[in-house]
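S.K.: Just need the structure, nothing else, for what follows:
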Amino acid sequence: MRKSFKTFSLIIISLFLYFSIFAQGIPESIKTELTDYEKQIEKYRSENNIQQELSLLNKAAFLCWNNQLYDRSIKHFKRVLELNEQSGNQNGVLLSTNYIGMIYDESEDYNSAMVYFNKALDISRKLNDRKNITSSLINISQTYQLLTNFEESNKFALEGAGLAKEANDLKLVRSFYSILANNYQNLGNSKKSIEYFDLFASIDKFLKKEEIKDIKEQSKTEINKAQQEKKQTQDELVIQTDKLKDTEDSLAKVEELTQEQKMQIELQESQIREQTAQLKFERLVRKILFFGFVTIFIIAGILILLYRKITAQKNKIVEQRDVLDLQNKKINSSIHYAQNIQRAILPVKNQIKNLFDSFIIYKPKDIVSGDFYWFTKLKDKAFLAAVDCTGHGVPGAFMSMIGNSSLNEIVLEKQVTEPSKILSLLNERIIESLRQDETENNDGMDVCFISIDLKSNEIAFSGAKRPLFIYNKKTAILDEIKGDRISIGGAKNYKKGEAFNNHIIKAESGDILYLSSDGLTDQNNSDRKRFGTSKLKEIIIENISEPMESQKEAIEKELNEFQKDEEQRDDITLIGIKIN
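M.R.: Model prediction:
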């Protein structure tokens, strides 16, 4: 009876977990994986198997975290924290406490984050773990900064800077000086802000020189290693070639002897067969002679008729093939010509590079693309957009031509410069051009659009279902500003009175902006797993101090390794520009 009740309870819990996950709109593969983890967690909890429960709790927590299921991730990590506290595993307590604080911080619940960061600091102090003490001090000082409590942020940042200097960890010292410079600027103490910024800049310059030196040394070592391996391979190849020649000579001798024996046996068998055949031939020759000639004439006639029929069919097939080849060449020629036209309307990359340090990743799925990017400069303002049209290939390319032409008309001819108004006019223009009020056509486009004041570095952003990513150099944080939940085009989807919003950002030198379509983050691998926004952010942060062209190479390398032989799913566009 007790066993049946336990089984029934597990089934009820599993169903509850499945439907609660299903309602959150995450991919099927993630739902299945998470449901499986949580079923096993309940099983091991009921069996009091703490080690297995801890292992699966960590896996489920990280899976939820990666897919922005913050509440569920925190729930699992809190259970991990509880089990580690019960077992007295202080390192486990420290790790899970930090993870909970980081998730609260990522979900912008800074007060809750502060509770766990302070707890992590207390544990690190008890363990006298200087590395984790400085990590906790960074977390606390950055969170106080987000809470605009700059005095408290300075208190912890100064303590952290002292510990980092004692440990001679220049990277940590650089991070604390960056926090202090930003805090004093916000407190209005320009002298202190400049003092810490100068310290930050000098350390940053030294570290970059050291990194370049290490890269050169590593490259030199790799080249020497490659040359040694090449010589070793050449020596081994010479040895293998000599062995192969000896083997071939031996085989040739054996084959020669075997062939001679076979010929002797075949000669004897041939003589026997010849005698037997001679006897049979003499008995049958008279009967076969007459019927043979008749049969030959009949077969010859049939072969002639078949030859003529096959020749006629072959000529017809060749003719049809030539027609299809010609049609295919014409179609491909037209599409390639359309590709040339589409490339011609894209901004010349040097136009953007003349104003900003930048990179562009532009990978059409087919010959022509449904993605396009648009750039222009008007007086003291620069305008940049990444546009994802409905569909890809030829249909998407037609939409991109309409979108490009409409943006030129709105900005260059009508002199409209406010991004939200530009998107509203673009929406009206698409509905009007495709006569969507009168037809069933519902095509449109998603847009990330920005304007940059080249004098003040003030950025205005408006998005149609596309976000803007901006890296703040001072805070070392990559923020995501979401666009409006309105698409461009599609009269049936447009509600009267809906309008696009403007987001004003005061950027500073060194800040980096990223505009994109959804092609990169939606790309799947052979396991049907999406590349995802979180992975893109991780790559950007890991390479944020690199030159823009190196950032591009790192993103393309990660995408290629993730995608491997899987077919490209959609057009891909990603633009990065650094504010001067």
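
S.K.: How far off centre is stretch 283-290?
M.R.: Distance, stretch centre to chain centre, for stretch 283-290: 81 Å (CA atoms, centre = their mean, to the nearest Å).

S.K.: which parts of that stretch are buried?
M.R.: For stretch 283-290, burial by neighbour count (16 or more other CB atoms under 10 Å) applies to no residue. C-beta coordinates here come from the backbone N, C-alpha and C atoms, glycine included.

S.K.: how about the CA coordinates for that stretch, as CSV?
M.R.: Presented in CSV, the C-alpha positions along stretch 283-290 are these (Å, rounded to 0.1, in the frame of the first residue of the first chain):
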residue,chain,number,x,y,z
ARG,A,283,26.6,-33.9,-83.5
LEU,A,284,24.9,-30.5,-83.2
VAL,A,285,26.5,-28.5,-86.0
ARG,A,286,24.1,-29.7,-88.7
LYS,A,287,21.0,-28.9,-86.6
ILE,A,288,22.1,-25.5,-85.4
LEU,A,289,23.5,-24.2,-88.7
PHE,A,290,20.1,-23.7,-90.3
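
S.K.: mean confidence for that stretch?
M.R.: For stretch 283-290, mean pLDDT rounds to 72.

S.K.: what's next to that stretch, contact-wise?
M.R.: Stretch 283-290 is contacted by no other residue when judged by CB atoms under 8 Å, 6 or more residues apart in numbering.

S.K.: Same check on stretch 149-159?
M.R.: Residues outside stretch 149-159 that contact it (CB under 8 Å, 6+ apart): 137, 140-142, 144-145, 176, 179-180, 183-184, 186-187.

S.K.: Would you mark the buried spots in that stretch?
M.R.: For stretch 149-159, by 16+ other CB under 10 Å, it's N149, F150, E152, S153, N154, K155, F156, A157, E159.

S.K.: which residue packs closest to the second one, ignoring adjacent ones?
M.R.: Take F150 and drop its neighbours on the chain: the residue closest to it by CB to CB, 6 or more residues apart in numbering is N183, 4.2 Å away.

S.K.: Regarding the one you found, what is its secondary structure?
M.R.: helix (DSSP: H, G, I helix; E, B strand; the rest coil).

S.K.: for F359, same thing?
M.R.: Under three-state DSSP, F359 comes out as strand.

S.K.: which residues does it bridge with?
M.R.: According to DSSP bridges, the partner residues bridging F359 are G576.

S.K.: returning to what we had before: CSV please, covering the contacts of stretch 149-159 and showing distance to I361, pLDDT and neighbour count.
M.R.: Shown next, in CSV, are the contacts of stretch 149-159 (distance: CB to CB, whole Å; pLDDT from 0 to 100; neighbours: other CB atoms under 10 Å):
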residue, distance to I361, pLDDT, neighbour count
L137, 37, 93, 26
I140, 37, 93, 24
S141, 35, 92, 27
Q142, 30, 91, 24
Y144, 37, 93, 23
Q145, 32, 92, 23
F176, 34, 91, 26
I179, 32, 93, 28
L180, 36, 93, 25
N183, 36, 91, 27
Y184, 38, 93, 20
N186, 35, 93, 14
L187, 40, 91, 14
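
S.K.: any idea which of those residues is closest to Y116?
M.R.: I140 (10.2 Å; CB to CB).

S.K.: Relative to S193, how far out is the residue nearest to F150?
M.R.: 8 Å (CB to CB, to the nearest Å).

S.K.: Could you find the closest non-adjacent residue to D443?
M.R.: Nearest one to D443, counting by CB to CB, 6+ apart, is T390 at 4.1 Å.

S.K.: Report the contact partners of the one you found.
M.R.: Residues near T390 by CB under 8 Å, 6+ apart: G370, G396, M399, D443, G444, M445, G489.

S.K.: Quickly list the domain ranges of this protein.
M.R.: By the record's domain assignment, the chain is partitioned as 2-213, 347-578 (automatic domain parsing).

S.K.: Quick one: closest of those to E282.
M.R.: E282 lies closest, by CB to CB, to one member of the domains of the chain: domain 347-578, at 68.7 Å.

S.K.: Do you know the pLDDT at M1?
M.R.: For M1, pLDDT reads 44.

S.K.: again, but for T148
M.R.: The model's pLDDT for T148 equals 91.

S.K.: what's it sitting at in phi/psi?
M.R.: Dihedral angles of T148 (phi, psi; degrees, to the nearest 10) stand at phi 60, psi 20.

S.K.: Which pLDDT value does the model give Y514?
M.R.: On the pLDDT scale, Y514 is placed at 98.

S.K.: what's the answer for the one 5 residues further on, then?
M.R.: The score at G519 is 93. That number is its pLDDT.

S.K.: again with L251
M.R.: 51.

S.K.: Ok, N168 next?
M.R.: So N168 comes in at 88 (pLDDT).

S.K.: Could you tell me the least trusted of the domains of the chain?
M.R.: domain 2-213 (a mean of 85).

S.K.: Please name every helix or strand in contact with the host helix or strand of K119.
M.R.: If you go by DSSP states H and E, K119 is part of helix 110-127. For helix 110-127, the elements it packs on are helix 90-106, helix 130-146, judged by 3 or more CB pairs under 8 Å, 6 or more residues apart in numbering; DSSP states H and E.
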